[in-house]
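Asks: Pasting the sequence and the predicted coordinates here, then a few questions.
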Amino acid sequence: MNGDYQPEYQEMPMPPQDMYVPGGSNIPPLEAALIEKLDPKAVLEKLRHSLRGEEWDEESGNYIRKQKPMCDDELIHVLMMSAASVINQNTTMSDIDEIEIGRILFDLASTLITLLSQTADTHGVEYSNLDTIWTSICNEADMALKRGKNRGEMKALRTVIRSQEQVAVNPYQQEKKKKFLIFGNN
């Protein structure tokens, strides 16, 4: 040894950071993790694989083609762009009313009908698959929109976070409150 001590450099893990949400707010790490879990990207991926005729195979851990694709990859890409305009976190974390849900679904359905009717022949879509493609995308979009109805998903998320924060702050107090509710104030 030469006498000069050189500490070994170790990468320190970063503490959880607040998640920035467009619109100018930061979300604490717990809430950010839950929001990430609720992200509807998995719905889009499942839809994409379904259009490709692929199913998840537990044994191999991959998607495997089980049937003929409903259309070519170029049209699947365009369809997924249209679907992603509605099936996203912006939608599920919004405050949407029934009228807005209807308008958005009508716009998406109109876009899909136009797209499919004008390009079906050039992208190898069989006539029998048109309704299946349209219905699959519109149903998933409807579910995403309903998650945002009257801030439903955001309210549920806040309820979960509040209950976890209360238990984390003082778990004994939670047990005590339960006893009071059951047996009265002894």
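Replies: Yep, that arrived. Residues are numbered from 1 along each chain as shown.

Asks: Helices of the protein, start to end?
Replies: 29-37, 41-51, 73-84, 89-92, 98-119, 127-147, 152-169, 171-183 (DSSP state H).

Asks: which stretch in the ones you listed has the least confidence?
Replies: Of all the helices of the chain, helix 171-183 carries the lowest average pLDDT, namely a mean of 53.

Asks: Just the pLDDT at residue 71, thanks.
Replies: 94.

Asks: Tell me how far it lies from residue 43.
Replies: Counting by CB to CB, to the nearest Å, the gap from residue 71 to residue 43 is 19 Å. Where C-beta positions appear, they are placed from N, C-alpha and C, glycine not excepted.

Asks: before we move on, what about residue 122?
Replies: For residue 122, the distance to residue 43 equals 27 Å [CB to CB].

Asks: The two: which is more packed in?
Replies: Between residue 122 and residue 43, counted using other CB atoms under 10 Å, residue 43 has the larger neighbour count: 18 against 11.

Asks: Would you mind listing the residues in contact with the more buried one?
Replies: Residue 43 sits next to 87, 140, 143, 144 when contact means CB atoms under 8 Å, 6 or more residues apart in numbering.

Asks: Okay, the first one and residue 41: tell me how far apart.
Replies: According to CB to CB, residue 87 and residue 41 sit 9 Å apart.

Asks: okay, those two: which has more neighbours?
Replies: residue 87 (25 against 12).

Asks: surely the more buried one meets residue 144?
Replies: Yes - taking contacts as CB atoms under 8 Å, residue 87 lies within contact range of residue 144: 4.4 Å.

Asks: Might you report the residue contacts of the residue nearest to residue 120 when sequence neighbours are not counted?
Replies: Of all residues not flanking residue 120 in the chain, residue 130 sits nearest, at 6.3 Å (CB to CB, 6 or more residues apart in numbering). Taking CB under 8 Å, 6+ apart, we find residue 130 in contact with 116, 117, 120.

Asks: out of these, which one sits closest to residue 155?
Replies: Of all the contacts of residue 130, residue 116 has the smallest distance to residue 155: 35.9 Å, by CB to CB.
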